[in-house]
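Student: Pasting a predicted model and its sequence here:
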Amino acid sequence: MSALRVRSRLACLALLLGGLLATCSRPAADVPPDLYLIVVDTLRADRLGCYGHELPTSPFLDELAAEGTVFLDNTSQSSWTKPSMVSLMSGTYVTSFRDVMPDDVPSLAQTFQQAGYHTIGVVANVLLSPKLGFDRGFDYYDARENTEEELADLEARGIIVTPCREIEAMRAELDRLLDEEFARRDAGAHRPIFAYLHPMEPHDPYEDHPRFAEALPLEGVPTRLPSEWHRAEVESLSRSPESAESKDEWRIMNAHRGFYEREVRATDEALRVFFDRLRAAGRLDNAVIAVVSDHGEGLYEPLAMLRPAARDKAPLVRVFQQGHGRNLNACLVRTPFLLHGAGVPKGVRVDDPVENVDLYPTLVALCGIEPTGTTQGRSLVDLMHGSADEWKRDLHSFTLFATSIRERSTGLKLTLVSHAGRKLSAVPGLYDTVADPDERVNLYDERPDDVARLQQKIELWQAAFPMESSDPASADPEQLRHMRALGYIGND
C-alpha cells in the first residue's frame, strides 16, 4: 500500500458543539441514505477555514468538515460552469469544449433516479438550463431566472439585480419540496431523496453583506494587493503602482476581494440554517452531505487573458483576472471537496490529490447504488478509509482557451493554449507548483524535456477520454442574454 497521507484531525473533534452534527455511522443495508449535494458556484478552496483560511468565512462548513472528510487537494475539470458541471454530473473528463450534457452517458441524477431516489434540483445558475440537458434524471428541476416581481423586490432592497436567484429564496423552495416528500415518507411511502442545491452568491457581481463587516472587514483580506509580483506587472506596462490612479484601482480590487469573502460567509450562513432545520427534525440521521464547487475565482491574482493592445490600455482591474472561465491557474481550479454523514469517516483530512470527476462514483458507492454506466473518475471511499493501494498520478483541467495537466510526482503543471487562447495572445506555461504554488514563474522555455513529456501525457489523456465537442457559438438568445448579464460577454 502506498504511503497515503491521511491524517486524523484530532483537534477538530473538539468541535462537537453539543452533538449538533449528525453521526457518521454506516446506514443499514436496507435503508439507503438520503443525499444532499451542495455545489457552491465559484467557491475557492483557500477561502474556507477548513482549507487554512485565517478569516471566519465558513464557520458552518468548517464544523461540517471537522465531523467528516476533507480532500485537501481537489481539482475541478474546468474553470467555467457549464463544462465543469457536464464533467461533474456525468463523471467524465472534459477533453473538448462541452457545455451540453451528453446523451449517451447516464447523469448522476439519472443513476439515483433509477435506484428509486426522488431527485430534486434547485439551481441558481441560469446557464444550467434544461435545454442543455442539465435537468436529466431529476423528478423536479428548477433553474429558472428571477421573475419580474422578484427582480423588482431585489431592486427595492438595493441588491444587485442579476437573473440568478438568491440562496434564501432557493432554500425556502427546497425546504418546501423536502417537507412534501418527508410527509409522504411519514405516511409510509418511503423513498430516499437526492437533493441538489446550487447557490450562486460567490459569483460576480458581488453583493455586500454589511452584517459581516466586523468579522470580515474589507481592509483585512489577506495577501492584500499590490504584491511585489503585481507591482512588477504594472511597471512592465510603463505605469506607476504608486500613482493616484493605481492606488484607487488597488482599493477597488481589495474591496471586491472583501465582498467575495462576505458572499462566502452569507452562503455558509444560509447552509447552516438549511441543515440545522433538517437536523432538528432528525432528517440527517441517515444522510450523506457533499459540498463541492464548479470552479474558483481569480480575485485579481493571475493576469487576465487579454490581447496586448487591450492590456496596454486597460485599467488595472481588467489587467488582472477577477473572474474565471479562460485561465486554468490554481486559484481557478482548486476547489473544495467535503463529505459528511453515513459511511464517511470523521475528522479525516486527505492529502492525496482528487478531482471533481471522482464525485459521481464516490456518491454512488456511499449510497450503495449500482452504477448505470462507466464513469472516468474513481470512488474515494477506500482512499478516505486509508485502504487504497495506489492513487492517481495526474490532474486535468480544460477550457475553450487552454488545457492543463498537473503531475503529482514532480509537482509540475503544464498549460497549453488552444487556437482561441492564441487569438488572445495567451502563452503556454510550465510551473513548479511545489516551489511556486501561485504559478508566477513560467519555466516553459527553460525545461523543454519536461514540456515534451507532459504534452505527450495530455495527448494520451485526450485519446483515452475522447469527448464530442459542442459549438460554443451555438448558444440560443436566452443563453447569450444570461451570459451577458453574468459578465461573460462584452469585455474583450
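Tutor: Looks like it arrived, so ask away.
Student: What sits closest to Thr111 if chain neighbours are left out?
Tutor: In space, and not counting its chain neighbours, Thr111 is closest to Thr372: 4.7 Å by Cβ to Cβ, 6 or more residues apart in numbering. (C-beta placed from N, C-alpha, C; glycine too.)
Student: for that neighbour, what are its contacts?
Tutor: Contacts for Thr372 (Cβ atoms under 8 Å, 6 or more residues apart in numbering) come out as 106, 110-111, 114.
Student: What count of nearby residues applies to Arg185?
Tutor: Other residues lying near Arg185 total 16 when counted by other Cβ atoms under 10 Å.
Student: Tell me the predicted confidence for it.
Tutor: Looking at Arg185, its pLDDT is 92.
Student: Look at it and tell me its secondary structure.
Tutor: Put simply, Arg185 is helix when judged by DSSP: H, G, I helix; E, B strand; the rest coil.
Student: what's the spacing between the residue lying closest to it once chain neighbours are set aside and Ile120?
Tutor: Once flanking residues are discounted, Arg185 sits nearest to Arg191: 7.3 Å by Cβ to Cβ, 6+ apart. Here the distance between Arg191 and Ile120 works out to 12 Å (Cβ to Cβ, to the nearest Å).
Student: which residues are in contact with both of these two?
Tutor: Glu181.
Student: Counting neighbours, go ahead and name the busier of these two.
Tutor: Neighbour count, other Cβ under 10 Å: between Arg191 and Ile120, Ile120 has more, with 23 against 13.
Student: Secondary structure element holding that one?
Tutor: Assessed by DSSP states H and E, Ile120 sits inside strand 118-123.
Student: so for stretch 73-90, what's the average pLDDT?
Tutor: 97.
Student: no wait, stretch 124-137
Tutor: pLDDT averaged over stretch 124-137 gives 94.
Student: Can you give me the first-to-last residue distance of that stretch?
Tutor: 18 Å (Cα to Cα, to the nearest Å).
Student: now that stretch, how far from the centre of its chain.
Tutor: 17 Å (Cα atoms, centre = their mean, to the nearest Å).
Student: Can you pull out the low-pLDDT segments for the stretch 101-250 of the chain?
Tutor: Within the stretch 101-250 of the chain, the stretches with pLDDT under 70 are 161.
Student: Could you pull out the strands in it for me?
Tutor: Under the criterion DSSP state E, counting those that start in this stretch, strands of the stretch 101-250 of the chain are mapped to 118-123, 140-142, 193-198.
Student: Give me the helices and strands touching the first one, please.
Tutor: It stands for strand 118-123. On a contact count with 3 or more Cβ pairs under 8 Å, 6 or more residues apart in numbering; DSSP states H and E, strand 118-123 meets helix 108-114, strand 140-142, helix 167-186, strand 193-198.
Student: Contacts for the shortest one, please.
Tutor: The list of residues contacting strand 140-142 from outside it, by Cβ under 8 Å, 6+ apart, reads 119-123, 130, 134-135, 173, 177.
Student: Starting from Leu178, give me the distance back to Tyr36.
Tutor: Taking Cβ to Cβ, one finds Tyr36 at 9 Å from Leu178.
Student: Backbone torsions only: list them for Glu145.
Tutor: phi -90, psi 170 (degrees, to the nearest 10).
Student: wouldn't it be in contact with Cys164 here?
Tutor: Yes - using Cβ atoms under 8 Å, Glu145 is in contact with Cys164, at 7.0 Å.
Student: Next, show the common contact partners of these two.
Tutor: What both Glu145 and Cys164 touch, as defined by Cβ under 8 Å, 6+ apart, is the set Val126.
Student: so can I have TSV of the strands of the stretch 101-250 of the chain showing distance to Asp352?
Tutor: Converted to TSV, the strands of the stretch 101-250 of the chain look like this (distance: least, Cβ to Cβ, whole Å):
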stretch	distance to Asp352
strand 118-123	30
strand 140-142	34
strand 193-198	26
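Student: quick one: Arg406 is in a strand?
Tutor: Yes - according to three-state DSSP, the state of Arg406 is that of a strand.
Student: Surely it touches Arg393?
Tutor: No - if you go by Cβ under 8 Å, Arg406 and Arg393 don't touch, sitting 10.0 Å apart.
Student: Neighbour count: those two, which is higher?
Tutor: The neighbour comparison of Arg406 against Arg393 (other Cβ under 10 Å) goes to Arg406, with 25 against 12.
Student: Kindly list the longest helix within the protein.
Tutor: Across the chain, the longest stretch assigned as helix under DSSP state H is helix 244-280.
Student: Follow the chain on from it and name the next helix or strand.
Tutor: With secondary structure assigned by DSSP H and E, helix 244-280 is succeeded by strand 287-292.
Student: which phi and psi does the residue nearest to the spatial centre of the chain have?
Tutor: Central residue of the chain (Cα atoms, centre = their mean): Ser293, 1.9 Å from the mean position. Per-residue torsions, Ser293: phi -140, psi 160 (degrees, to the nearest 10).
Student: quick one: the helices in the stretch 251-400 of the chain?
Tutor: With DSSP state H, counting those that start in this stretch as the criterion, the stretch 251-400 of the chain has helices at 308-313, 316-319, 330-333, 359-366, 381-384.
Student: Relative to Gly429, how far out is the spatially closest residue to Pro302 that is not a sequence neighbour?
Tutor: Once flanking residues are discounted, Pro302 sits nearest to Asn329: 4.3 Å by Cβ to Cβ, 6+ apart. As for Asn329, its distance to Gly429 is 9 Å (criterion: Cβ to Cβ).
Student: can you list residues touching both of the two?
Tutor: Common neighbours of Asn329 and Gly429 (Cβ under 8 Å, 6+ apart) are Glu439.
Student: Of these two, which one has the most company?
Tutor: Between Asn329 and Gly429, counted using other Cβ under 10 Å, Asn329 has the larger neighbour count: 26 against 21.
Student: what's across from the spatially closest residue to Met170 that is not a sequence neighbour in the sheet?
Tutor: Nearest in space to Met170, with sequence neighbours left out and distances taken as Cβ to Cβ, 6+ apart, is Val122 at 5.0 Å. Beta-bridge pairing of Val122 under DSSP bridges involves Asp142, Leu197.
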